[in-house]
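Sharing a sequence plus its predicted fold:
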Amino acid sequence: MFVFRWVTFALLAFLLGLVAPTRAQQRLPAATSLAPEAIEKGKQNFVTYACYACHGYGGQGSDVGPRIDTTRLTLQGFVNIVRKPARRMPPFRTERQITDAALAEIYAFLKSLPSPPDPKTIPLLNGN
Amino acid sequence: MGQDKGSVDRRSFLKAAATSGAAFVGSQALGAQAERPADAAPPQADAPTVVEIVNDEKHGSDFMMDVLKPLGFEYVTINPHSDSGGLQESIINYTGNSNPELITCLHEEVAVAMAHGYFKIEGKPLAALMYSSVGLQHASMAVYSAFCDRVPVYMLLGNRVWNPDSRSVRDPVGLARDFTKWDDQPVSLEQFAASAVRAYAIAMTPPLMPVAITIDQKLQESRIPKGTTLRVPKYTPNAAPEGESGAVSEVARLLVNAEFPVLAVERAARTAAGLGYIIELAELLQAGVVDTIQRMNFPSRHPLSQDAAVLREADVVLALEHPLLSRSSLKAGAKLLSISSFDLFTRSNYWHFGAYQEADLPIAADAEATLPALIEAVKRLITPDRKRTFEARRAKLADAHQRTRERNRVLATHGWDASPLSTARIAAELWEQIKDKDWSLVSRSDGMSDWAWRLWDFKKYHHHIGQSGSLGIGYSNPAAVGAALANRKYGRLSVNLQNDGDFMFLPGTLWTAAHHQIPMLTVMHNNRMYNQEVMVVARIAAERNRDVSRCHYGNVFDKPFINYAQLAKSMGWYAEGPIDNPRELAPAIRRALAVVERGEPALLDTVTQPN
């Protein structure tokens, strides 16, 4: 019962704007404002900031960078990983290197990419 | 190819023993057959050849060919120069430009790198003829690659000792001695004969490495006085060094008793026999095999072929010709065993040897030569109980192998229809059209994100030639042509997946392939940059909180893009491209393969994803 009350309160607080966004969230553009110009800008940013070098031009991944064309991260999660990566990826710590807005455009570009086809539909991947 | 009557007459002075000597060497040379046999059995020695000079028509370089021809060189790669003119003329007219035949190269680095690639298919060295001073300086990068890759190249260096000029050099091999196994600068024909045969024997004794003989211009061009008797020493190959029997027995005991043994292989299979031995040992033990693919060590689709991650599960790891395998890649407490010829001979200046391995049981010996004894020792120790355990292990490993294949199939779909082309798509499209042919990948398979290795069925020794050994750029293009030259007489389809950065170091290699009608298909990995360096500079700039967007400076090939198809056409190749539409790829491959099957080289300039 306590949990139910707490969730209800949190939901109401959010709807009423009682929960303040974090500083990062304040800087991030809303997702709905990111298409289609943002997608094109994101595609350009993906090259400018050398994301393609490890992840491929379409985020399909390679032997040095994971596939990110089907990312399930939220925008905030995506920004967090770029700012403080866990593994081999170089850190883009500050807005001096890449702005939150540019990251949001890259995120929009990645989210715009079509899902890869089912391997069963590609004969070349089903032969010998 | 023709030979004048005079040269035949001169050759007739060779005694009959010369013919039998040449035949013997040809049959015993490492890799004389299509699928190269083991060289473990010590050969029978033949008699030396005596050359009697009965007139004054014979020159020093003619006798040099009397010495070199029985060693079985099929070709001599050459960048011509005045100080070896005598030997070049003898190759052309005295031995009729046949066994060996001259292969014209437009750069000395091409001459040596072609010999490197040729050996990895044929199993015997080519001779590379070049200037001792400026020529060897050009060739030095390729010599270093052959040294690191444990490949013998037989260098002949023209010099002018008795009548020096501005290009003469006192110690020509000095600049390359850090990565050359042995060299000599003979001052007489007798000494040349002894040193030439010795050099061949040294080069072909594991660990295999380049050697050099410097040949003086005057020694080549002087007439041999009538009445002189010269001797061609017999060549008897050394048996390769085998591991000490007690140590081999202990390795067998540790492997049989291990719960989860893994074989880690790098340059283990020197021949097709070595490939067979590794398969036999792995299947006896039902042990996983982790392959760095520096040689065709193990079939890519064998159920025991495993990702490197399996090393972390192993309690016993046997490293075969894999001296760089680090203990840090194993789990704590795992036993690391090693059989490697690396410590039998190396040099200290260049740091190619890496960190000390800290093996628990290191055996300094040739792995391929030692494997038969190890296999027999393992057989003796396997009990029915252990065999049942092994079978359970096989099921687990086969399952892991299958999961990896499935994962690769899914990963290959990402970017399938992308432009620039997905490297997975290129590998898959190629495989579809070569899989039923007798194919040979004459380049590294780990370019293009390993997609060839991940999707193709590598199982025969000639399916893969491995990598350069040195990580130096410029090896792939000429080594691929050298390997394709070796494949030509077997009618094999040579396929070269060619990085663009590497390609532009020695583009003149294309002319050699066209001129000598060496059939091969080159598919460009044209990502229009040194992508590795883009990643390096991006990482450093990011870590320094600086502008990452400038990491392309110095690393990309744009303004203009290089048109590899035009470049290839200018040197006599069939070529298409640039191709950046995935739908155009399959028809282009089909057309190019038709050209290659006619006996000509063809190039497809495919614009690709970075990796």
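It's in.

mind listing what residue 102 touches?
Picked chain A for this. A:Lys41, A:Asn45, A:Tyr49 (C-beta atoms under 8 Å, 6 or more residues apart in numbering or on different chains). Every residue, glycine included, has its C-beta placed from N, CA and C.

meant chain B actually
Contacts of B:Leu102 (C-beta under 8 Å, 6+ apart): B:Tyr75, B:Val76, B:Thr77, B:Ile78, B:Gln88, B:Ile91, B:Ile92.

Show me how far the helix or strand hosting it is from its chain's centre.
Using DSSP states H and E, B:Leu102 sits within strand B:101-104. Distance of strand B:101-104 from its chain centroid, counting by C-alpha atoms, centre = their mean, to the nearest Å, is 19 Å.

Identify the residue spatially nearest to B:Trp186, adjacent ones excluded.
Small correction: residue B:186 is Pro, not Trp. Distances taken as C-beta to C-beta, 6 or more residues apart in numbering or on different chains put B:Phe192 closest to B:Pro186, at 4.1 Å, once the chain neighbours are dropped.

quick check, the one you found in a helix?
Yes. Read with DSSP: H, G, I helix; E, B strand; the rest coil, B:Phe192 is one of the residues of a helix.

Any idea how many residues pack against B:Asn349?
Other residues within reach of B:Asn349, judged by other C-beta atoms under 10 Å in any protein chain shown, total 8.

which SS state does the nearest residue to it once chain neighbours are set aside fall under?
Leaving out its chain neighbours, the residue that sits closest to B:Asn349 by C-beta to C-beta, 6+ apart is B:Asp178, at 4.2 Å. For B:Asp178, the secondary-structure state derived from three-state DSSP is helix.

Now do the same contact list for B:Asp178.
Remark: with contacts taken as C-beta under 8 Å, 6+ apart, B:Asp178 is in contact with B:Arg347, B:Asn349, B:Tyr350.

where's the last one relative to chain A, distance?
What that stands for is B:Tyr350. 26 Å (C-beta to the nearest C-beta, to the nearest Å).

give me every residue that touches that residue.
Taking C-beta under 8 Å, 6+ apart, one finds B:Tyr144, B:Asp178, B:Phe179 in contact with B:Tyr350.

let's go with 6 Å and repeat that
Residues near B:Tyr350 by C-beta atoms under 6 Å, 6 or more residues apart in numbering or on different chains: B:Asp178.

which element is it on?
Using DSSP H and E, no helix or strand contains B:Tyr350.

and it, what pLDDT?
Predicted confidence (pLDDT) for B:Tyr350: 93.

ok, back up a step: list the buried ones in the strand holding B:Leu102?
Using 16 or more other C-beta atoms under 10 Å in any protein chain shown as the test for burial, strand B:101-104 gives B:Glu101, B:Leu102, B:Ile103.

Same question for stretch B:330-350.
B:Leu330, B:Ala334, B:Lys335, B:Leu336, B:Leu337, B:Ser338, B:Ile339, B:Ser340, B:Ser341, B:Phe342, B:Thr346.

and B:Met524, what helix or strand is that in?
Secondary structure assigned from DSSP H and E places B:Met524 in strand B:520-525.

Check the gap between B:Asp343 and B:Ala359 for me.
Applying C-beta to C-beta, to the nearest Å, the value for B:Asp343 to B:Ala359 is 10 Å.

swap in B:Asn563?
From B:Asn563 to B:Ala359 the distance is 50 Å (C-beta to C-beta).

circling back: against chain B, which of the contacts of A:Ala102 make the cut? List them.
Applying C-beta under 6 Å from any C-beta of the partner chain to the contacts of A:Ala102, one finds that A:Tyr49 fall near chain B.

export the contacts of A:Ala102 to JSON lines and tack on secondary structure and neighbour count?
Shown next, in JSON lines, are the contacts of A:Ala102 (DSSP: H, G, I helix; E, B strand; the rest coil; neighbours: other C-beta atoms under 10 Å in any protein chain shown):
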{"residue": "A:Lys41", "secondary structure": "helix", "neighbour count": "19"}
{"residue": "A:Asn45", "secondary structure": "helix", "neighbour count": "23"}
{"residue": "A:Tyr49", "secondary structure": "coil", "neighbour count": "22"}
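
Any chance of CSV for the contacts of A:Ala102, columns pLDDT?
As requested, those are arranged in CSV below (pLDDT from 0 to 100):
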residue, pLDDT
A:Lys41, 96
A:Asn45, 97
A:Tyr49, 95
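
And the contacts of A:Ala102, which is closest to chain B?
Lowest distance from chain B to the contacts of A:Ala102 (C-beta to the nearest C-beta) belongs to A:Tyr49, with 5.3 Å.

Would you tell me which residues of chain A are close to chain B?
So chain A meets chain B at A:48-50, A:53-54, A:56, A:58, A:60, A:62-63, A:67, A:69, A:90-92, A:97, A:116-117, A:119, A:124-125, A:128 (C-beta under 6 Å from any C-beta).

ok, of the residues you listed, which come out buried?
A:48-50, A:53-54, A:56, A:58, A:60, A:62, A:67, A:69, A:90, A:92, A:97, A:116, A:119, A:124-125.

Just the ones of those in helices?
Using DSSP state H, the members of these that fall within helices are A:Thr48, A:Ala53, A:Cys54.

Switch those residues over to CSV; also include pLDDT.
Below are these laid out as CSV (pLDDT from 0 to 100):
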residue, pLDDT
A:Thr48, 96
A:Ala53, 95
A:Cys54, 94
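
Could I get those in a markdown table, plus columns for distance to B:Leu285?
Converted to a markdown table, these look like this (distance: C-beta to C-beta, whole Å):
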| residue | distance to B:Leu285 |
| --- | --- |
| A:Thr48 | 52 |
| A:Ala53 | 41 |
| A:Cys54 | 37 |
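
returning to what we had before: what residues does the helix or strand just after the strand holding B:Leu102 touch?
Per DSSP H and E, strand B:101-104 leads on to helix B:108-122 as the next helix or strand towards the C-terminus. Residues outside helix B:108-122 that contact it (C-beta under 6 Å, 6+ apart): B:31, B:77, B:79, B:105, B:125-126, B:128, B:130, B:135, B:138-139, B:141-143, B:146, B:151, B:153, B:462, B:465, B:475, B:478-479, B:481-483, B:485-487, B:506, B:509.

Contacts for the helix or strand following helix B:108-122 next, please.
The helix or strand immediately downstream of helix B:108-122 is strand B:127-131, counting by DSSP H and E. Outside of strand B:127-131, the residues within contact range by C-beta under 6 Å, 6+ apart are B:73, B:76-79, B:81, B:84, B:108, B:111-112, B:115, B:139, B:153-156, B:158.
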